[in-house]
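Visitor: here is a sequence with its predicted model. Questions after.
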Amino acid sequence: MASRRLSPVSRALIPVFRRLQSSVAPQPRRSTDSEPVPGPLKRCSLRTKVEHMQRAEDVTRTPSSSSSSSTLSSDVTIRFRDPREAYRSKNTWELLRSLIVLRLCSYDALVERNQQLMTLCRAILGQQLFEMMMKMTFYGQFVAGEDQESIKPVIRRNRAFGVGSVLDYSVEEDLTQEEAEKKDVESCTAEAEREQKGADHREKKYQIHPGFGDRRGGVISARTYFYADEAKCDQHVETFLKCIEACGGSSEDGFSAIKLTALGRPQFLLQFSEVLIRWRRFFHQLAAEQGKAGLAAVDIRLEVEKLQETLENLGIVTKAECQHWFTGENLGVSGTVDLLDWNSLIDSRTKISKLLLVPNLQTGHLEPLLSKFTEEEDLQMKRMLQRVDILAKKALKMGVRLMVDAEQTYFQPAISRLTLEMQRKFNIEKPTIFNTYQCYLKDAYDNVSADVELSRREGWYFGAKLVRGAYMQQERKRAAELGYEDPINPTYESTNEMYYRCLDYVLEEIKYNQKANVMVASHNEDTVTFTLRRMNELGIQPSDNKVYFGQLLGMCDQITFPLGQAGYPVYKYVPYGPVNEVLPYLSRRAQENRGFMKGAVHERDLLWAEFKRRLLSGNLFYSPSY
């Protein structure tokens, strides 16, 4: 087969992807047990035999679903349902506001019509009075302020009570559904695809579908960015830089959150995600050729000689060329190639242009992984990588940790790969870059374990935020209508199992390697209790500053503040932005609280109990001192 030149996207990855390693791994062997917490948690087979011998036998770890406190040791107990401790940082007016707002969020009729109601209120009251009303109610509950200066009092007060901040500029563009769909289709379609429809060989999951172009649909707790042009992306960079500066200037060891879809044209993320997934699938096909189908990907070792023969038979490359590849990259010196070795071959530094081809299992023909980029598209991709680099350097300089948010599964493989590359570059001396893992995904554990293994091999700090996920409704609907496998775990219980499995794995990595860090981003009291108990069992101290907890501003103070006052690193996600520009965020927050508050009656009870206590004890005008 004739040799092909490297595509522009491959050339652009040279300064950024230095021998890329995989962020994907095998499908998990999940228990079919219906309990919400896993049974015996399997140790990852990637660990050395010595590490295996050092570990205790597997045990079942089940967090209590009814305990009102978490016993950490013989003399330390955190009480999550003590109203006085939970709301020490709040004055009485703030208690009442929380009671009113969170109660309103539980009414379906109000939540479903929240945008119409806000529009009506603005028309009746006028802009100034409307903003005052919002600041006294929903905006004041869930948003810290309008700009970097106005949020400082909230940050300082939280810090005085042991709670840090994750700053999150929560402005969204107010677009109609039609406008959002048009922007998404235009920004995700390559020029070559416009000229030759169907020539891109994209799989269903990575194709453009106008009906799902409005990526806000079914998403209740995440910002959504739509690409307009390169100038708009530069504006987002400036906003994120200001956010990093505000975080560094107003809090210690703070975080700043970013989204990669704000930094460039999503076409690159979409296409590169498909490249990574198809390349991984090719690895499994080659494993099947060697009789290793069914093994966990982390356990697969391809025999180099057989691999060379298979690639030659497929017409991809000659055996001599293949031998040169592995020699040049010092891969296969042991006679085998594993998944991380295999993924490193996709790096353009190897100059293996023909590996941009993979077999189509249906047609039997070789197909290119990447469609041709125009010169302008090539520049757009390079600018996106440059913007990511600028933000990471700024965060490192300011002593701020950068939290990269998770997004839809058709973008996420590329997002995770870019984040890994930032971690390899900036997490050398401390954890500066954190990736986000959505544990409602079937492959969450595989991604976490593979990324931890990569960090261990190369000696950099692993940083993770574990969440359950924000796109379930949208992802499931899209998969069902377009005809590809649902990426979401089938039940809530299996998602819980996945969360505890991922969390336990990282906690053990912290214990034995000391170069891993995790934020447990959860409003679930059982999840927090589980984490505290496992920290105690593993001897991980709060002062180690390796395990963080995170909740949203205006929610779950009964978990956040007792943790902070007990000395645990805990953070509030602190949204900010002008009133009118954060209304989409407030709308989503109201929707999220509707379901949350229906299942969290005890939080309202705690707020009411503390209000009554202050009233009866003569402390109705209590104001926190700090």
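Guide: Yes, it's here.
Visitor: confidence-wise, which helix or strand of the protein is lowest on average?
Guide: helix 49-54 (a mean of 31; mean pLDDT, DSSP states H and E).
Visitor: all helices of the stretch 51-200 of the chain, in order?
Guide: 83-86, 92-104, 108-112, 114-125, 127-136, 138-142, 152-160, 177-188, 191-195 (DSSP state H, counting those that start in this stretch).
Visitor: strands of this structure, start to end?
Guide: Assigned by DSSP state E, the strands in the chain fall at 69-71, 77-79, 163-169, 255-258, 302-303, 336-337, 357-359, 366-368, 401-404, 433-438, 462-467, 516-521, 547-552, 570-576.
Visitor: in TSV: these, plus mean pLDDT, mean neighbour count and distance to residue 245.
Guide: All C-beta spots, glycine's among them, are computed from the backbone N, C-alpha and C. Compiled in TSV, the strands of the chain are given as follows (pLDDT from 0 to 100; neighbours: other CB atoms under 10 Å; distance: least, CB to CB, whole Å):
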stretch	mean pLDDT	mean neighbour count	distance to residue 245
strand 69-71	53	18	36
strand 77-79	79	16	34
strand 163-169	93	26	10
strand 255-258	94	25	9
strand 302-303	86	19	48
strand 336-337	82	20	45
strand 357-359	65	19	44
strand 366-368	66	14	43
strand 401-404	96	26	13
strand 433-438	97	25	18
strand 462-467	97	25	21
strand 516-521	97	24	22
strand 547-552	96	23	21
strand 570-576	94	26	13
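Visitor: for the stretch 501-626 of the chain, which spans come out with low pLDDT?
Guide: Low-confidence segments of the stretch 501-626 of the chain, defined by pLDDT under 70: 589, 592-600.
Visitor: tell me where it has helices.
Guide: 525-538, 557-565, 583-598, 601-616.
Visitor: care to break the protein down by domain?
Guide: For the chain, the TED database gives the domain ranges 92-143+594-619, 147-201+220-266+373-593, 270-368.
Visitor: which of the ones you listed sits most buried?
Guide: With neighbours taken as mean count of other CB atoms under 10 Å, these reach their highest mean count in domain 147-201+220-266+373-593, at a mean of 20.
Visitor: contacting residues around the spatially most central residue of the chain?
Guide: Nearest to the mean C-alpha position of the chain, by CA atoms, centre = their mean, lies residue 436 at 2.4 Å. Residue 436 makes contact with 403-406, 464-467 under the criterion CB atoms under 8 Å, 6 or more residues apart in numbering.
Visitor: ok, now which ones touch the nearest residue to it once chain neighbours are set aside?
Guide: In this structure, residue 436 finds its nearest non-sequential neighbour in residue 406, 4.0 Å apart by CB to CB, 6 or more residues apart in numbering. Neighbouring residues of residue 406 by CB under 8 Å, 6+ apart: 412, 415, 436-438, 467, 469-470.
Visitor: okay, these in JSON lines with distance to residue 264 next?
Guide: Shown next, in JSON lines, are the contacts of residue 406 (distance: CB to CB, whole Å):
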{"residue": "412", "distance to residue 264": "15"}
{"residue": "415", "distance to residue 264": "11"}
{"residue": "436", "distance to residue 264": "18"}
{"residue": "437", "distance to residue 264": "22"}
{"residue": "438", "distance to residue 264": "21"}
{"residue": "467", "distance to residue 264": "23"}
{"residue": "469", "distance to residue 264": "24"}
{"residue": "470", "distance to residue 264": "21"}
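Visitor: that older thread, and the residue nearest to the centre of the chain, bridged to which residues?
Guide: Assessed by DSSP bridges, residue 436 has beta-bridge partners residue 465.
Visitor: tell me how far it lies from residue 521.
Guide: 8 Å (CB to CB, to the nearest Å).
Visitor: need the overlap of contacts for these two.
Guide: By CB under 8 Å, 6+ apart, the residues touching both residue 436 and residue 521 are 465-467.
Visitor: let me have those residues in a markdown table, adding distance to residue 602 as columns.
Guide: Formatted as a markdown table, the shared contacts of residue 436 and residue 521 follow (distance: CB to CB, whole Å):
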| residue | distance to residue 602 |
| --- | --- |
| 465 | 26 |
| 466 | 24 |
| 467 | 22 |
